[in-house]
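predicted model and sequence follow; I will ask about them next.
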Amino acid sequence: MTASTAIRPETIDLNSPSLYLNRELSLLEFQWRVLGEAVDESNPLLERVKFLAIVGSNLEEFFMVRVGGLRMQRDAGVTEPSPDGLTPARQLAEIRKNAQKLMEAAESIWLNRLVPQLRQQGVYILNYSELSPKQRENANHYFDEVIYPVLTPLAYDPGHPFPHISNLSLNLAVILRGKDEIRRFARVKVPPSLPQLVPIKRSSGGVRRDGTAPRRHYFVWIDQLIKANLSALFPGMEILEAHSFHVTRNSDMDIQELEAPDLLEVIEESVRRRRFGAVTRLMIHPSMSNEVKKILLENLRADPNDVYVLSGPLALSSLMELHRIDRYDLKDRPFLPALPGPLRDLERGEDTRFFDLIRSRNILLHHPYDSFTPVVDFLRTAARDPDVLAIKMTLYRVGRNSPVVNTLLEAVRDYGKQVAVLVELKARFDEESNISWARMLEQEGVHVTYGLLGLKTHSKIALVVRKEGEHIKRYVHLSTGNYNHITAQVYEDIGMFTADDDIGADASDLFNYLTGYSTREDYRKLFVAPVNMRQKFEQLIRQEIEHQTAGRGGYLLFKMNSLVDIPMIRLLYEASQAGVKIDLIVRGMCCLRPGIPGLSENIRVISVVGRFLEHSRIYYFHNAGHEIVLMGSADLMPRNLNQRVEVLFPLEEPALIRLVRDEILETYLNDNVKAHEMLPDGTYRKIRPLPDQPEINAQETFIARRRVLTDLASA
């Protein structure tokens, strides 16, 4: 169906698969937008390399989770189509075609654009054959001293079973021949603990910050270096062939919680199993012989359709190592996150005036433009304040060496506070980190729970209970993002400190729901999934339709990561048909088709991809001038609305509503540098400024405005 097709609204079947885009193909379409940043020469060179590495990392997760899940459905005989009408088998076929094009495009960008441009800037990614005699000597010395002791060649013959090939591993498949003239196979795993780009020489000199000539950096791929030194691993054997290959396995964990007496143990076992799930992608170079390819396919039990032949690096994600070199002239200019005006004079982590400020006004933080430090200071102040009785919070992804976790430990260990933490062990690919610090918290006396049966806890909320005179006062921090001090520097998110009594009471009820047996459904101000969020959200959209129908005008403006939920999309279609104007800022997957006459001509969808990962979820309802703004952790996806504990919180102060609506959301809508507009067929076009328009880059605008914005947020 094209945008030019004339459709009468009453003839449209909103259940028709033709009205919805496939979520997996939409996710691959997002990777094309990320890949576009690797091509965009307005980005510094090493930032372009970083975006290419992000595409590689995103594809690894895509094949581990999305392709892995579809493979399981197909192999189980599932033929029921997705809302867009594609069966699991058909989706896998379409994914292969699209993923192959995407990987080939990424390979071409690396080999034909980035590698030559890096050389021009003194960063050389060399093949082993290109090394000078001195460089080869240095590289071989590194092999002898560092790599060789770590390697473990594993033979495959009647006396040795085929070795386990772990998930995301880069390996060498080696064909050897001994004096008996028998051809043998061995596998050598490339150590993931070592640099994949081995530095072999770096010339002296300053970095181009002070006007001096930049350093020159030289690297060789570790698998090429190992390949060149295989004789050291197999003395007395003739090396006939050696080929690199990379394996991605299914990591779609299936946790049978009802049968699990100890969820922690089940998660640990699932993480172990992840290393040996079914192969979903096998990447090889075109030089690999049919003999070796056959051995791998048979023993890995891989489908030939899951083989991808590429000439470039097989693990694009390893290119992130290049971004760490000290070439600041090839990276984004750093900036210092700001502090809201009222918070600048507070003594860090021990100033109880923090509570006075929150009690007097709600305070917004827009990360990464605003510092994450106040969030840690809020918890640290609560830990050290003798009037604070309890601290409760949800933790989803906090990373390693977390100041948040350390502060909670300090609250219990040093100040005897009652601390309760809900840890989400099923935060995908963060399970091992979460298990480690969850055990640490338990050992120190923190009350640790692991959420509700069958539901993943994704909400971001911290509650401080404080005794003030004869009364109890609650202070709450709510956020669209995780309590992670590292990602807070590169993810765009919004958080709010509040002492609102209703939100505080709702927070207490929410924690009782998460840790006890509370079944409250009438939250005062918070929208909580799966309790009431879907119903309340639907009511607000239908209310906007009523305003439009009554002539009061209707307008919706939503910003989110993904739009997948079919009932919500159907309702947005109905709103568009009623004349409601709808702007959607959707970073990733979007299964709605905009711009179809008679259906969605009133809907515009844009996606902003830039320096920071757009992560906040903001939902604006014009409501006939009585504006409603909700923010929180929930995307409009079935899993968020039905299978996760999510929270959306309201903004009620006119100044904060104006800040979010006019200063933040409007800036995104006007972006003509990093924004892409979605077309009815699911593809995107880059938005360009008109000849008489200034360039507007939303993220750069926020950096330039950050002190003004933070002052407005606390006004």
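The structure has been received and is ready for your questions.

and Arg604, helix, strand or coil?
The three-state assignment at Arg604 reads strand, by DSSP: H, G, I helix; E, B strand; the rest coil.

what sits against it?
Listed by Cβ atoms under 8 Å, 6 or more residues apart in numbering, the contact set of Arg604 reads Ile582, Asp583, Leu584, Pro594, Gly595, Glu677. To be clear about C-beta, it is placed using only N, CA and C from the backbone, and glycine gets the same treatment.

try 7 Å this time
Shown in contact with Arg604 (Cβ atoms under 7 Å, 6 or more residues apart in numbering): Asp583, Leu584, Pro594.

save those as a markdown table, and put in pLDDT and secondary structure too.
As requested, the contacts of Arg604 are exported to a markdown table (pLDDT from 0 to 100; DSSP: H, G, I helix; E, B strand; the rest coil):
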| residue | pLDDT | secondary structure |
| --- | --- | --- |
| Asp583 | 98 | strand |
| Leu584 | 98 | strand |
| Pro594 | 98 | coil |
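
which of those has the largest number of neighbours?
Among the contacts of Arg604, Pro594 has the most neighbours (other Cβ atoms under 10 Å), with 23 neighbours.

not counting the longest helix seen in the chain itself, show me its contacts.
The helix of greatest length in the chain, counted in residues with DSSP state H as the criterion, is given as helix 88-108. Residues outside helix 88-108 that contact it (Cβ under 7 Å, 6+ apart): 22, 24-25, 28, 31-32, 35, 52, 55, 67, 70-71, 73-74, 78, 82, 86, 305, 308, 310-312, 316.

tell me where the model's unsure across the stretch 251-400 of the chain.
Within the stretch 251-400 of the chain, the stretches falling below the threshold (pLDDT under 70) are 252-276.

where do the strands of it begin and end?
Defined through DSSP state E, counting those that start in this stretch, the strands belonging to the stretch 251-400 of the chain, from first to last, are 279-284, 307-309, 363-367, 388-395.

isn't there a helix covering Asp493?
No: assignment of Asp493 by three-state DSSP gives strand, placing it outside any helix.

return the helix or strand harbouring Leu463 as PDB; C-alpha atoms alone will do.
Leu463 belongs to strand 461-468 when assigned by DSSP states H and E. Extracted C-alpha coordinates of strand 461-468, given in PDB (Å, rounded to 0.1, in the frame of the first residue of the first chain):
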ATOM      1  CA  ILE A 461      12.200   4.800  40.900                       C
ATOM      2  CA  ALA A 462      13.900   5.600  44.200                       C
ATOM      3  CA  LEU A 463      12.000   6.300  47.400                       C
ATOM      4  CA  VAL A 464      13.500   8.000  50.600                       C
ATOM      5  CA  VAL A 465      11.400   7.900  53.700                       C
ATOM      6  CA  ARG A 466      12.400  10.700  56.200                       C
ATOM      7  CA  LYS A 467      11.100  11.600  59.700                       C
ATOM      8  CA  GLU A 468      10.400  15.400  59.900                       C
END
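
quick one: strands adjacent to it?
If you go by DSSP bridges, strand 461-468 pairs up with strand 388-395 (antiparallel), strand 471-479 (antiparallel).

distance check, the residue lying closest to Lys189 once chain neighbours are set aside against Lys227.
Taking Cβ to Cβ, 6 or more residues apart in numbering as the measure, Lys189 lies nearest to Asn171, with 5.3 Å between them; neighbours along the chain are not counted. Counting by Cβ to Cβ, to the nearest Å, the gap from Asn171 to Lys227 is 11 Å.

more neighbours: which of those two?
Using other Cβ under 10 Å as the criterion, Asn171 and Lys227 rank with Asn171 on top: 21 against 18.

out of the strands paired with strand 461-468, which one sits most buried?
Among the strands paired with strand 461-468, strand 388-395 has the highest mean neighbour count (mean count of other Cβ atoms under 10 Å), at a mean of 22.

now the helix or strand just after it: buried residues?
If you walk from strand 388-395 toward the C-terminus, the next helix or strand you reach (DSSP H and E) is helix 403-413. Along helix 403-413, these residues count as buried under the neighbour rule (16 or more other Cβ atoms under 10 Å): Pro403, Val404, Val405, Asn406, Thr407, Leu408, Leu409, Glu410, Ala411, Val412.

picking up where we left off before, how about the strands paired with strand 461-468 in JSON lines, adding distance to Ala186?
JSON lines is the format used below for the strands paired with strand 461-468 (distance: least, Cβ to Cβ, whole Å):
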{"stretch": "strand 388-395", "distance to Ala186": "44"}
{"stretch": "strand 471-479", "distance to Ala186": "51"}
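
please name whichever of the ones you listed is nearest to Gly554.
Distances from Gly554 to each of those were compared using Cβ to Cβ; the shortest belongs to strand 471-479, at 27.4 Å.

distance of the residue nearest to Val564 when sequence neighbours are not counted from Met560?
The shortest distance from Val564 to any non-neighbouring residue, by Cβ to Cβ, 6+ apart, is to Met637 (4.4 Å). Applying Cβ to Cβ, one obtains 9 Å for the distance of Met637 from Met560.

can you check Glu350 too?
Here the criterion is Cβ to Cβ. By it, Glu350 lies 37 Å from Met560.
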